[in-house]
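> Here is a sequence together with a model predicted from it:
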Amino acid sequence: MNFELNEEQQMLADTVERLVRNTYSFEQREVFYQSPRGYSPEFWRQLSELGITSVPIAAEYEGFGGTGVENMLVMKELGRGLCLEPYLHSQIYAAGLVEQLGSAEQRQSILPAVAAGERLLTVADEEAGSHYHPEAIECQAVPCERGWRLSGRKRVVIGGELAHTILVTARMSDGEGVSLFLLDPAAEGVSRTGYPCIDGPRACDLALADVYVEADSLLGPAGKAAPALAYQRGRAVAAQCAEAVGSMEEAFRLTLDYLKTRQQFGSPIGRFQALQHRMAEMRGELELARSMTILAACVADDPDSESRSRRLAAAKFTVARASQLIAEQSVQLHGGIGMTWEYSLAHHAKRLVMLTHQFGDDDFHLGQYSALLEVPRQASQQVA
Amino acid sequence: MNFELNEEQQMLADTVERLVRNTYSFEQREVFYQSPRGYSPEFWRQLSELGITSVPIAAEYEGFGGTGVENMLVMKELGRGLCLEPYLHSQIYAAGLVEQLGSAEQRQSILPAVAAGERLLTVADEEAGSHYHPEAIECQAVPCERGWRLSGRKRVVIGGELAHTILVTARMSDGEGVSLFLLDPAAEGVSRTGYPCIDGPRACDLALADVYVEADSLLGPAGKAAPALAYQRGRAVAAQCAEAVGSMEEAFRLTLDYLKTRQQFGSPIGRFQALQHRMAEMRGELELARSMTILAACVADDPDSESRSRRLAAAKFTVARASQLIAEQSVQLHGGIGMTWEYSLAHHAKRLVMLTHQFGDDDFHLGQYSALLEVPRQASQQVA
Amino acid sequence: MDIHFTPEELAFRSEVWAFLGLNLPADLAEKVRLGRRLAKEDHQRWQKILNQKGWYAVNWPEEYGGTGWSVVQKHIFDEECAAAGAPRLVAFGVNMVAPVIIKFGTQAQKDYYLPRILRSEDWWCQGYSEPGAGSDLASLKTRAERDGDYYVVNGQKTWTTLGQHANRIFCLVRTDPSAKKQEGISFLLIDMDTPGITVRPIITLDGEHEVNEVFFDNVRVPVENLVGEENKGWTCAKYLLTHERTGQAGIGQSKAALAHLKQIASAETVAGQPRIDDPLFRARIAELEMRLMAVEMSTLRILAATRDGGVPGAESSLLKIQGSEIRQAITDLMRKALGPNALPFLEPELESDFHGEPLYQDYSASPASQYFNLRKLSIYGGSNEIQKNIIAKLVLEL
Amino acid sequence: MDIHFTPEELAFRSEVWAFLGLNLPADLAEKVRLGRRLAKEDHQRWQKILNQKGWYAVNWPEEYGGTGWSVVQKHIFDEECAAAGAPRLVAFGVNMVAPVIIKFGTQAQKDYYLPRILRSEDWWCQGYSEPGAGSDLASLKTRAERDGDYYVVNGQKTWTTLGQHANRIFCLVRTDPSAKKQEGISFLLIDMDTPGITVRPIITLDGEHEVNEVFFDNVRVPVENLVGEENKGWTCAKYLLTHERTGQAGIGQSKAALAHLKQIASAETVAGQPRIDDPLFRARIAELEMRLMAVEMSTLRILAATRDGGVPGAESSLLKIQGSEIRQAITDLMRKALGPNALPFLEPELESDFHGEPLYQDYSASPASQYFNLRKLSIYGGSNEIQKNIIAKLVLEL
């Protein structure tokens, strides 16, 4: 057990930190947000030039071959900068699914381009009635000659407007289970309705009206995608925790600065003990969130197990609770100014709260953990 | 709707307040606690002389005919004084069961003596595995010639050592449902193991080994005691809320005084903003507890309904949460001195926390309320 | 002591209910239910309907056109209005500046302003906060210097809610710069059309234009617009603050919001099962409903204990804290009930005049926005921290 | 960065586990599991077993008889000890005064006291708090006046944990009454047998005799019992406090307590259904277990980041707060798991030598008592409020 970054990891963290700091000022972010794509293609190009887009991809597909720890380092800085690019959904979540489920051919044809930042992926796995349960879907895949026809509606596909390939979940009409398909969004019958999410990144709803996909667009065995979805959502959760920690650190820093400078009743408001204690409590929760994010990063690539699932659920739960606390309290401690669009803090608050609406909120993960709780067997005999 | 006490009610409150203040100093209470009975027979005699023991009993049984509001006024003062007498269990809960379920003869033979403070009752309705669910019992009543034989074990019968009559719940061996029996604790086969509870009053466990009770000891129809138990537990809950409010008010007062006098770092500790804010929060919760106690008192004698049950559950929930908060924070704000046996505050803290272990704790009542939650019908059609 | 409604109170409830059924425009109620923005005209339309019935100036003394209702009646009225989806009244005119004018104003001020408020001819906004004086209100810097029959006002106000609609503003200004903080402040009524006033929007984190900055550049205000004595404006301010905090408890609003939450949690399903049937989520709603019951009882009890028409002193701070916290908690659960469906930021669907097909459900666009918007409740009207200071000082005497 | 245990660490865990299996007396483990009082002899027995193995003075430098273990090893050791039911070590000697003597003591003090601690020949207690100086420790008044080769000590200490067992006490005393607060304080080692010392029990709300008052009436203490320089005792005190707070995190204890909670919640049934299967109660346990996981990771991370053997500075305040809160939360749920069965106050069943039949279950007597007893965790060692002050000042620089 050790908590130190090695030299390479420290360099990676520094590189991303510097890039974000230099190109992603809050004013720039607002420009990116208002632009048609909703993010910065230029920043994405820089990320790919520096090899950052390749970090989560295995070396055999021209990636950097990073682990959960490297993903954490990248995501933390993207979180600090409130970056709008679909790194998590494309490079980590979707690419992870391709790597885990794809045939050698599928992987070779997709992943190098993803690593190079040239091909954007995303996953369409939420529906109106699924609420973080990827198995609770209604979208259907009906087998047809040399392929399938997909029908249904997908909700809130992050980065879905610009993705070159969308990994779509569907229920097999002729059997049990959930399958994953590689979907070309230009295919006939696909329609996308785009919008910004309240925390910044753009997403879309996806309507599939008898969309034909070829046989080789099936990713992994038919009807058996659920374990891979669960596993890769675990990796995504770990990465998202890091994003939240980056954003929390920044929100906390802004608030601490504000408390030291804002004068009321003749002194900096940070002199008031009630606010000091609240900051101490927030600092404590931030510390726990950091620790659980490290834990999540370290187990993200472990083989699937109940222990891994428990730890990832605990990480997301802890981080989600801390995120909401720090979001709400940072705004509260700022007063009105913390609620204004023109101040980055307000956007950190939105990000921190709305991140909990992807991959499960605190209650969802509390439920997951409860279901996996280790309970003593025949305890009554033991203790009675 | 009005929140004012009438003149008679105000007089009642003042009378009990004065009596408790004069005879139940904390030092005296310790003497009563250490005495063999564990409370003060003399104080009980005074209560009966002033007619206080008769307050909850209907006028036709030589009682005062008080409502939930009068019970509240009495219990609040008994709570403030941390009184050890079994007023709640005998005069309110058990007497209420007799009044609701008993035959005219049973009522006439029991209640006047109870009102006069000469006959003590209690209810044995908890078992090791019942945890606030009076229907989840195993104690059995087997019919026999001219009566029943009772077998089983009862837990934590408050005031059970000294009660002249114990109302015992049992499951009918020949059918469904729970029955209530009037038990003479001197009957053959009854054994009692007495002990103090951690918050002061004494209780006992009760073992029933084939105890014979006569036919006329059945209270109400066989197997049909559950609704009356639920209804009377509601009245007890309302009264217990008042007891808790009395104790909370005293704990809060002691803490406020302490904050104003205790010096640390060169000023009274009540000058520290973090402690001020905590006191403000406690004051807010106390206010809510007071309000819900009034609500509970006002609906306690309403006809049974879901609305009454919801309000009583909400009252107990609110009061239990406030009780624990004020108990814990009063101790915390006092520091070590708040944990010493020789200071009344510590005993208020114990009382406030352990009161939640009778008639259901906060989680129990949260569950009750959840089950009774009014949910919009076919909401999806309405709102979609 | 009896918390049951009397037959008279029940009859009053029926009367209010019947009135709302007949007179509350369905399109307005629909906008309110769905959390749409309300246009100025929406508010005015409803104010005029209420005024016609004589139910607009609920808190005024009868001789000025008030209702003379008891605390319980006012509560019933609020609750029924909120349940029916009536627009929440914008308080600045009818419930903020009016009580001040009634208590401290001259006869001429009463004669002029009160009827205009009743008839919705004036839209008032509040000039209290300044960039350097938020929670520390008394440190305000906007100056008013006497020049003949005028005050000349210079300075800046901020967080001016719905100032973009207003034709009048009531302001705290500093008339004696040499006096200490609370002293030297006066209470002025200012016509927003006066030359030298500029209103600049502040966009909040939910993308809304609800608050503004107001700049005063040599604005000439007639001296007869002074309310009360010069340099005694803090008295008006304090009086108004307890009114404001009491109004902020918002029990009726919270009850309506909770009902809406339950509808959303029943409509939103996971694998076909309504969210409200999830034991944990149901318990969260139950907990909130119980707390709201307690806050409602406390509000009624505290208001009933006051003598002067339902405006308590320092205890109003308790109501403000608890009322704001519960409204925030309800929007928190509303957002959570939607799960991923809370993410889209669909501004057009929030517009007052949106009549299109919603992307998902008609209720889905507003919960997240409202959650963020209502962070303001614990900040404005004296932050909840300030309220705790007040309780510690005035109630607990610490 | 890797949170997995290395093969060496796993081997170490096995070694500890095997040692405990062979050497921890079963009767001791049983008492610990059931929350019984431990007698002085119980503690000493276990200390001697550990010392024989060389595992008693875990935190000392190797040259004095310490283990030289890493932070992770110490954590594994704590966790295994707690899981096996080993008595929690009484810290005052081995983990409190000893590090101070090692860091600030004379060679003679080291030579004399350290071996006696290792061999359990001395039982130390702590003379810090005074009736007028609780959280404000530096305002202490106990005086030590120089008289030849002696200090003459007068005053009173309080909250002296297990002082009734102790033959030695380390004290903070005021040696220069004219200096300001922290200055003028010295650190003295005092033999409890010295004439003039009186120990008086304080009974706590759970009926326990765990703490004491200690009175000093012209107690003559040789000057060679001074640790460090005269009037520089505050340096020792601060050094010791970070040690104390770090030790108070008590992760191993919390894990063992949580396991016990789960056993109780599985054994306690309502209508035959284990409490742990109630969705709400299960969620409460799950929430606590997740939090404990987070606190454990944080503790390891913070300790690992320190260089001098696992004693962080101001961040130890975070560990103290979180560690104490979680232990309190566990006993809270343990009490609740028992429902009405938590009410009986069965003191005899808590006695070290109780061998009778328990009234209900063998575990049922202690949870409520422990819940009340552990209120102390957020009070002693610097209250959690004081810890927040420290964080605000030293970590956040507010």
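Structure's in. What do you need? Residues are numbered from 1 along each chain as shown, chains lettered A, B, ... in the order given.
> Can you list the low-confidence ranges for chain C?
C:246-248, C:307-311 (pLDDT under 70).
> element containing residue 117, please.
Picking chain A for this. Counting by DSSP states H and E, no helix or strand carries A:G117.
> meant chain C actually
Here C:I117 is assigned to helix C:107-118, by DSSP H and E.
> Report all helices and strands that that helix contacts.
Identification of packing neighbours for helix C:107-118 by 3 or more C-beta pairs under 8 Å, 6 or more residues apart in numbering or on different chains; DSSP states H and E yields helix C:98-104. Any C-beta I mention is one placed from the backbone N, CA and C, and that applies to glycine too.
> got a list of contacts for the helix it packs on?
Residues from elsewhere that reach helix C:98-104 (C-beta atoms under 8 Å, 6 or more residues apart in numbering or on different chains): C:57, C:59-61, C:64, C:109-110, C:113-114, C:117, C:170, C:187, C:227-228, C:235-236, C:239-240, C:243.
> can you give me the helices in chain C?
C:7-23, C:26-33, C:40-53, C:71-84, C:91, C:98-104, C:107-118, C:233-248, C:251-267, C:279-304, C:316-338, C:347-350, C:366-373, C:384-390 (DSSP state H).
> Quick one: those helices as a markdown table, columns for distance to A:V237 too.
Formatted as a markdown table, the helices of chain C follow (distance: least, C-beta to C-beta, whole Å):
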| stretch | distance to A:V237 |
| --- | --- |
| helix C:7-23 | 48 |
| helix C:26-33 | 35 |
| helix C:40-53 | 43 |
| helix C:71-84 | 39 |
| helix C:91 | 44 |
| helix C:98-104 | 53 |
| helix C:107-118 | 55 |
| helix C:233-248 | 39 |
| helix C:251-267 | 25 |
| helix C:279-304 | 19 |
| helix C:316-338 | 18 |
| helix C:347-350 | 30 |
| helix C:366-373 | 21 |
| helix C:384-390 | 33 |
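> so which of those gets nearest B:H347?
Closest to B:H347 of the helices of chain C is helix C:279-304 (C-beta to C-beta; 26.5 Å).
> how far off helix C:233-248 does the closest one point, in degrees?
140 degrees (axes from the mean of the first three to the mean of the last three C-alpha atoms, to 10 degrees).
> so what does helix C:279-304 touch, helix or strand wise?
helix A:362-372, helix B:273-299, helix B:306-334, helix B:362-372, helix C:71-84, helix C:251-267, helix C:316-338, helix D:279-304.
> So for A:F64, which of those sits nearest?
Across the helices and strands packed on helix C:279-304, closest to A:F64 is helix D:279-304 (C-beta to C-beta), at 25.5 Å.
> could you redo the helices of chain C as TSV and give each row mean neighbour count?
Shown next, in TSV, are these (neighbours: other C-beta atoms under 10 Å in any protein chain shown):
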stretch	mean neighbour count
helix C:7-23	14
helix C:26-33	16
helix C:40-53	17
helix C:71-84	21
helix C:91	19
helix C:98-104	22
helix C:107-118	16
helix C:233-248	21
helix C:251-267	23
helix C:279-304	22
helix C:316-338	25
helix C:347-350	18
helix C:366-373	24
helix C:384-390	23
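> ok so, going back, could you dump the helices and strands packed on helix C:279-304 to JSON lines with distance to C:R200?
Shown next, in JSON lines, are these (distance: least, C-beta to C-beta, whole Å):
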{"stretch": "helix A:362-372", "distance to C:R200": "39"}
{"stretch": "helix B:273-299", "distance to C:R200": "35"}
{"stretch": "helix B:306-334", "distance to C:R200": "45"}
{"stretch": "helix B:362-372", "distance to C:R200": "48"}
{"stretch": "helix C:71-84", "distance to C:R200": "32"}
{"stretch": "helix C:251-267", "distance to C:R200": "29"}
{"stretch": "helix C:316-338", "distance to C:R200": "27"}
{"stretch": "helix D:279-304", "distance to C:R200": "45"}
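> of all the ones you listed, which lies closest to A:Q329?
Closest approach to A:Q329 among those (C-beta to C-beta): helix C:316-338, 12.4 Å.
> Would that closest one count as contacting chain D?
No - residues of helix C:316-338 contacting chain D under C-beta under 8 Å from any C-beta of the partner chain: none, with a closest distance of 15.2 Å.
> Between helix B:273-299 and that helix, find me the angle.
Using the same axes, to 10 degrees, helix C:316-338 lies at 80 degrees relative to helix B:273-299.
> on contacts alone, who are the packing partners of helix C:316-338?
helix B:273-299, helix C:233-248, helix C:251-267, helix C:279-304, helix C:366-373, helix C:384-390.
> Next up, phi/psi of residue 35, please.
All of this is about chain A. Dihedral pair for A:S35: phi -70, psi 160, per degrees, to the nearest 10.
> Can you look at chain C instead?
phi 70, psi 30.
> what's near enough to touch it?
C:350, C:363, C:365-367, C:369-370.
> Out of the helices and strands packed on helix C:279-304, which gets nearest to C:M1?
Of all the helices and strands packed on helix C:279-304, helix B:273-299 comes closest under C-beta to C-beta, at 6.7 Å.
> And for the closest residue to C:N218 other than its chain neighbours, the neighbour number?
Nearest residue to C:N218, sequence neighbours excluded (C-beta to C-beta, 6 or more residues apart in numbering or on different chains): C:G196, at 5.1 Å. The number of residues packed near C:G196 is 14, by other C-beta atoms under 10 Å in any protein chain shown.
> With the one 10 residues further on instead?
Counted with other C-beta under 10 Å, the burial measure for C:D206 works out to 24 neighbours.
> Could you do C:P177 as well?
9.
> now C:T6
12.
> who are the neighbours in contact with it?
Counted by C-beta under 8 Å, 6+ apart, C:T6 has contacts B:M1.
> That one and chain D, how far apart?
39 Å (C-beta to the nearest C-beta, to the nearest Å).
> From A:V331, how far out is that residue?
For C:T6, the distance to A:V331 (C-beta to C-beta, to the nearest Å) stands at 44 Å.
> C:W234 now?
Following C-beta to C-beta, the distance that separates C:W234 from A:V331 is 29 Å.
> Looking at the helices and strands packed on helix C:316-338, which is nearest to C:G313?
helix C:233-248 (6.2 Å).
> How far off centre is that closest one?
12 Å (C-alpha atoms, centre = their mean, to the nearest Å).
> One more: stretch A:129-146?
The answer for stretch A:129-146 is 22 Å, by C-alpha atoms, centre = their mean.
> how long is that stretch from one end to the other?
From its first residue to its last, stretch A:129-146 covers 30 Å (C-alpha to C-alpha, to the nearest Å).
> Sort out which residues of it are buried, please.
A:129-134, A:136-137, A:139, A:141 (16 or more other C-beta atoms under 10 Å in any protein chain shown).
> what's stretch C:41-58 in contact with?
Contacts for stretch C:41-58 (C-beta under 8 Å, 6+ apart): C:19, C:23-25, C:28, C:31, C:64-67, C:69, C:74, C:77, C:86-87, C:89-90, C:94, C:98, C:117-120, C:123, C:352.
> For whichever residue of the stretch 151-300 of chain C sits closest to chain D, give me its contacts.
Residue nearest to chain D within the stretch 151-300 of chain C (C-beta to the nearest C-beta): C:P279, separated by 4.4 Å. C:P279 makes contacts with B:370, D:279-280, as judged by C-beta under 8 Å, 6+ apart.
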